[in-house]
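Asks: got a predicted model here, sequence first, then my questions.
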Amino acid sequence: MNEKSIDIVPLVDAHCHVGTTPHEIQQPVHELSNDKISRALMSNNPYDWARLQLIQFKKGNNSSPQYKGFGIHPWYSHLFTFKNEKTLTKEQHYRQILNYKESDSIILTKLIQDVLPDPVYIEEYISNIDFSNVNLIGEIGLDKSFYIPSNGFYQGHSNDAEVIITKTKIKVSMDHQVKVFKRMLQLACDKSLNVSLHDVNCHMKLFDICQQYLLNVIPIKICLHSYTGSIEFLLSQWIKKFTEQRIFISVSQYISFKKDEGNLDYSQVPHKCILTETDYIVDNGVTEISLQDSLEDTLEKLAKVLPLGSSHETRRLVFDNFCRFMHNDL
Ligand SMILES: [Zn+2]
C-alpha cells in the first residue's frame, strides 16, 4: 500500500460523545470536522441527544462516514420512568429507583428538590424519536460502580466554577438499570440496529441479558466499548456464543492502553473484531488534532501487540471492521 492510499483510509472513532450541556442545547447548528475520522457518536440522555441532532457533517469527496447513536446510558437511567408521570410524583419516582441509606435521606430530598429534573416517561421519549436519523443504539449498558453526583447527573464540567461537584453515596438500583437496558435492547431488535455497550463490573449479567434479547436476532452486532472483562470471558462467552462476525471490541487509549501492553492480550482477539475509539466528548473544544493523535497512538499500540506489521495495515483493518459493523454485511 502506498502512502497516498493509506492517507485516505479514515481513522475510526467507534465510540465518542457530544456534550451533555442542559443549558446550551439551543446553540446554532454546528458542524463537526469529518475529513480524517469516521465516527459513531453516542447519545446518553435527552440533552446530548438534542445536541447530537443539531450536528451537521460536511458532504463532499474528503468526508468520512459519520453515524449517530440513540441511547440511555446507565449514568442517566434514573432520569427515566416507566410510569406515566401522572401516576407518580417526582419524589416517588426517585425514591423508588434509587438505593440509599436512611442517613442519606435528607441529601436525597435536596437532590430531588434542587437539581434532579422531572423524570422523562421512557415510552414517550422513544416514540418522539425519528429513527431515520439513528444509525445504532448506544450508549447503553449496566454500571455497578456508579454513584449519583451532587449535581444530579454527570454534565462533563459545570460552567459555574463556584459549584464543586462531589459523589453522593446514592446509587441507581440495578433493577432499574436492567429495566432501561432491556428496553433499549428491545428497541435495537425492533429497529434492527446494532448496539454499543457500557459494562462496569456487570460482565455476566450484561452477557446473559444480551443472550436473552439478541442471540437469535442475527443481523444485530455488538460493540463492547472499552471492554474491561477478561480475555477468557470474551473468547469463551461472547465470541463463542455470538461468533466473531457479531462481536466488536473498541479499544481506547485511556482505558484499554493505560498500560503499554494493553489491559488484555489483544493478540488473542480475532482481528476482525477490533475497532478503535476515543470515548471523548468531541464537540466541546477538543481539537481535531488531539483526537487524531489519540486514535493514531491506539493504532500504533495495537499494531505492536496484534501483530499486523504496521500501524497502516492496522488502520486499514480497523476501518474495514468499522464498515462491517455499521453496514450490516456479515
Ligand atoms: Zn462512552
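Replies: Noted; the coordinates are in hand. Numbers count the residues shown, from 1 in each chain.

Asks: which secondary structure elements does whichever strand or helix holds residue 298 sit against?
Replies: Counting by DSSP states H and E, the element that carries residue 298 is helix 288-305. Helices and strands touching helix 288-305, by 3 or more CB pairs under 8 Å, 6 or more residues apart in numbering; DSSP states H and E, are strand 11-17, strand 37-42, strand 247-252, strand 274-277, helix 311-326. For every residue, glycine as well, the C-beta is placed using N, CA and C.

Asks: how about the closest residue to residue 123 other than its chain neighbours, phi and psi?
Replies: Closest residue in space to residue 123, ignoring its immediate chain neighbours: residue 82 at 7.7 Å, by CB to CB, 6 or more residues apart in numbering. Main-chain torsions, residue 82, degrees, to the nearest 10: phi -90, psi -10.

Asks: number of residues surrounding residue 82?
Replies: Here the count is done by other CB atoms under 10 Å, and residue 82 has 15 residues near it.

Asks: now for it: which residues touch it?
Replies: Residue 82 makes contact with 121-123, 179, 183, according to CB atoms under 8 Å, 6 or more residues apart in numbering.

Asks: which residues sit against stretch 286-293?
Replies: The contact list for stretch 286-293 (CB under 8 Å, 6+ apart) reads 11, 13, 16, 33, 36-37, 278, 280, 282.

Asks: before we move on, back to that, for the helices and strands packed on helix 288-305, which one sits closest to residue 167?
Replies: Proximity to residue 167 (CB to CB) singles out strand 11-17 among these, at 20.3 Å.

Asks: the next helix-or-strand element following the closest one pairs with which strands, parallel or anti?
Replies: Per DSSP H and E, strand 11-17 leads on to strand 31-32 as the next helix or strand towards the C-terminus. Using DSSP bridges, the strands paired with strand 31-32 are strand 56-57 (parallel).

Asks: count of residues packed around the closest residue in space to residue 97 that isn't next to it in sequence?
Replies: For residue 97, ignoring the flanking residues on the chain, the nearest one in space by CB to CB, 6+ apart is residue 176 at 4.1 Å. Look at residue 176: counted by other CB under 10 Å, it has 21 neighbours.

Asks: do residue 243 as well
Replies: 12.

Asks: look up how far the ion lies from it.
Replies: 25 Å (CB to the ion, to the nearest Å).

Asks: now that residue, what are its backbone angles?
Replies: phi 70, psi 160.

Asks: now do it against residue 269, distance only.
Replies: Residue 243 is 14 Å from residue 269, where distance means CB to CB, to the nearest Å.

Asks: where does the stretch 51-200 of the chain dip in pLDDT?
Replies: For the stretch 51-200 of the chain, the stretches flagged by pLDDT under 70 are 85, 156-163.

Asks: close to the ion: what parts of it are there?
Replies: Contact residues, the stretch 51-200 of the chain versus the ion (CB under 5 Å from the ion): residue 139.

Asks: assumed residue 91 was part of a helix.
Replies: Yes: with DSSP: H, G, I helix; E, B strand; the rest coil as the criterion, residue 91 is assigned to a helix.

Asks: excluding sequence neighbours, find me the nearest residue to residue 249.
Replies: Using CB to CB, 6+ apart, the closest residue to residue 249 is residue 227 (5.0 Å).

Asks: what about the strands in the stretch 51-200 of the chain?
Replies: 56-57, 66-70, 80-81, 98-99, 120-121, 136-143, 171-172, 195-200 (DSSP state E, counting those that start in this stretch).

Asks: need the residues that contact the fifth one.
Replies: Which is strand 120-121. 46, 79-85.

Asks: quick check, central residue of the protein?
Replies: residue 139 (3.2 Å; CA atoms, centre = their mean).

Asks: show me the contacts for that residue.
Replies: Per CB under 8 Å, 6+ apart, neighbours of residue 139: 15, 17, 42-44, 69, 71, 73, 196-198, 225.

Asks: can I get those residues in TSV including neighbour count and distance to residue 58?
Replies: Converted to TSV, these look like this (neighbours: other CB atoms under 10 Å; distance: CB to CB, whole Å):
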residue	neighbour count	distance to residue 58
15	29	22
17	24	20
42	29	21
43	26	21
44	27	25
69	27	20
71	27	25
73	24	28
196	26	24
197	25	30
198	25	29
225	28	26
